[in-house]
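Trainee: kindly generate the corresponding structure for this input.
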Amino acid sequence: MISHRFVILGAILLGPTHGQQNLGTDFRMTGRTTLAAFEAQRQALQRSSAVISIGQEEIAYGVVISADGHVLTKASELREKANLTVTVDQERFDRVDVISADEQWDVALLKVNATNLLPITYTSTADTPQGTWVVVNGATSRTQRRANIGMISANPREIQPSGGLALGIVIKNPSTRLEIEKITPGGGAHEAGLMAGDLIIAVDDMPLEKIDDLSAALDRHKAGDRVRITFSRKGKTSNANVRLTAKTELFDISANANDEMSGDFSKRRSGFPRVIQHSVMGNRQTMGGPVIDLHGHCIGMNIARVSRAETFAIPSAELKEIAERMIGHQPNR
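Mentor: The predicted structure follows:
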């Protein structure tokens, strides 16, 4: 199977350039003949990846991590917890519990009532080198996963929050005091119950006097971290734990030329502690599923469609740690 695969790929990649424009459809990267060489990997996706849906709309993929129904997916794509369905192989589960979420990694743990699912097998390789072939979920039918093929295209690295970190607030007059003028829906301040008119006094018990002090305090953290905000409301001092997010997730920042050509990229695509990067085309609905190597082993989980040339995935070592920690911290476990 391996040699057959490379004969096909060699014909595609090493053939004369004048003939490539006339390459038959079946022999292109998404062609039937090429994909047939990756049928073993497609079967691994079929058995150990999940399709997450709301009604008839597919919103994300997932990674099966236990035989008894635990599935990891991209948390920010779960715009609601009700009416979720999960399909693994050809079995659909209509009752889906959202157990918890890891805000730093943007990962959610789901649970369905199952006993015999086939979990992914993690790779034993520490870091997958550039140029390694990878296979991920592409467009799917209700019962059949489809393979998409690409390569690891960059070294593992941290992705800083795009535009810096945000509490999800707008300050009324930064030159005087830190009074909140507006709360951004969906941001950490909104979740924590802060309101317009609140006066921010301190972050993590460090007193603040000006907007630069606030920025410096936030710069010590990462997306998904929580900070202790001390604020005054109508003369009464209170505290709130506020989740930090990348500014681009909350505020309408003009798209650049690359974004305009990239199509449907992920809303959250930055602020990850460590990612691997691959070249497989996709969109936000194809995130959350496993990235597998030619042996069918999981080398990561797709976490963000970034641009027309970049997709980020959580590496397998970190993914395994996340999975074990989230399962271990379940209520009543």
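
Trainee: per-residue confidence for the residue of the chain positioned farthest from its centre?
Mentor: Here the centre of the chain is the reference, and by CA atoms, centre = their mean the most remote residue is Gly235, at 41.3 Å. pLDDT recorded at Gly235 is 91.

Trainee: helix or strand: which one has Ile327?
Mentor: Taking DSSP states H and E as the criterion, Ile327 maps to helix 316-328.

Trainee: distance from the chain centre to that helix, please.
Mentor: Centroid separation for helix 316-328 versus its chain: 15 Å, with CA atoms, centre = their mean, to the nearest Å.

Trainee: counting by contacts, list what that helix packs against.
Mentor: When contacts are defined as 3 or more CB pairs under 8 Å, 6 or more residues apart in numbering; DSSP states H and E, helix 316-328 packs onto strand 70-74, strand 97-102, strand 107-111, strand 298-307. C-beta coordinates here come from the backbone N, C-alpha and C atoms, glycine included.

Trainee: distance across stretch 53-69, terminal residue to terminal residue?
Mentor: The first and last residues of stretch 53-69 sit 16 Å apart, counting by CA to CA, to the nearest Å.

Trainee: now do stretch 83-102
Mentor: 21 Å.

Trainee: how far does that stretch sit from the chain's center?
Mentor: 17 Å.

Trainee: can you tell me what sits against it?
Mentor: Contacting residues not belonging to stretch 83-102 are listed as 46-55, 62, 64, 69-71, 75, 78, 81, 107-114, 117, 142-143, 224, 322, 325-326, 329-331 [CB atoms under 8 Å, 6 or more residues apart in numbering].

Trainee: among those, name the buried ones.
Mentor: With burial judged by 16 or more other CB atoms under 10 Å, the buried subset of the contacts of stretch 83-102 is 46-54, 62, 64, 69-71, 75, 78, 107-112, 114, 117, 224, 322, 326.

Trainee: next, the buried residues of whichever strand or helix holds Glu58.
Mentor: Using DSSP H and E, Glu58 maps to strand 57-64. Across strand 57-64, burial judged by 16+ other CB under 10 Å covers Glu58, Ile59, Ala60, Tyr61, Gly62, Val63, Val64.

Trainee: and stretch 310-328, by the same measure?
Mentor: 310-320, 322-323, 326-327.

Trainee: how about that stretch as CSV, C-alpha atoms only?
Mentor: Coordinates of each C-alpha in stretch 310-328 appear next as CSV, following Å, rounded to 0.1, in the frame of the first residue of the first chain:
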residue,chain,number,x,y,z
GLU,A,310,-2.4,27.5,7.1
THR,A,311,-4.3,25.2,9.4
PHE,A,312,-3.2,24.8,13.0
ALA,A,313,-3.5,21.6,15.1
ILE,A,314,-2.8,20.8,18.7
PRO,A,315,0.1,18.4,18.8
SER,A,316,-0.6,14.8,20.0
ALA,A,317,1.4,15.1,23.3
GLU,A,318,-0.6,18.2,24.4
LEU,A,319,-3.8,16.7,23.1
LYS,A,320,-3.3,13.5,25.1
GLU,A,321,-2.6,15.6,28.3
ILE,A,322,-5.8,17.7,27.6
ALA,A,323,-7.9,14.6,27.1
GLU,A,324,-6.7,12.8,30.2
ARG,A,325,-7.1,15.9,32.4
MET,A,326,-10.6,16.8,31.2
ILE,A,327,-11.8,13.2,31.6
GLY,A,328,-10.2,13.0,35.0
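
Trainee: next one: it to chain centre, how far?
Mentor: On CA atoms, centre = their mean, the centre of stretch 310-328 falls 10 Å from that of its chain.

Trainee: quick check: bridge partners of Lys74?
Mentor: Note on Lys74: beta-bridge partners by DSSP bridges are Val107.

Trainee: that one contacts Trp105, doesn't it?
Mentor: No - using CB atoms under 8 Å, Lys74 is not in contact with Trp105, being 9.5 Å away.

Trainee: which neighbours do those two have in common?
Mentor: Ile303.

Trainee: between those two, who's got more neighbours?
Mentor: Comparing Lys74 with Trp105 by other CB atoms under 10 Å, the one with more neighbours is Lys74, at 30 against 25.

Trainee: tell me who's in contact with that one.
Mentor: Lys74 neighbours (CB under 8 Å, 6+ apart): Ala60, Asp106, Val107, Ala108, Ser266, Met287, Gly288, Asn302, Ile303, Ala304.

Trainee: what about 7 Å?
Mentor: Residues in contact with Lys74 (CB atoms under 7 Å, 6 or more residues apart in numbering) are Ala60, Asp106, Met287, Gly288, Ile303.

Trainee: report all helices and strands that the strand holding Glu58 contacts.
Mentor: strand 49-54, strand 70-74 (3 or more CB pairs under 7 Å, 6 or more residues apart in numbering; DSSP states H and E).

Trainee: which outside residues touch the top strand by length along the chain?
Mentor: As assigned by DSSP state E, the longest strand anywhere in the chain is strand 147-159. The list of residues contacting strand 147-159 from outside it, by CB under 7 Å, 6+ apart, reads 29, 35, 38, 41-42, 45, 127-138, 270-281, 312, 315.
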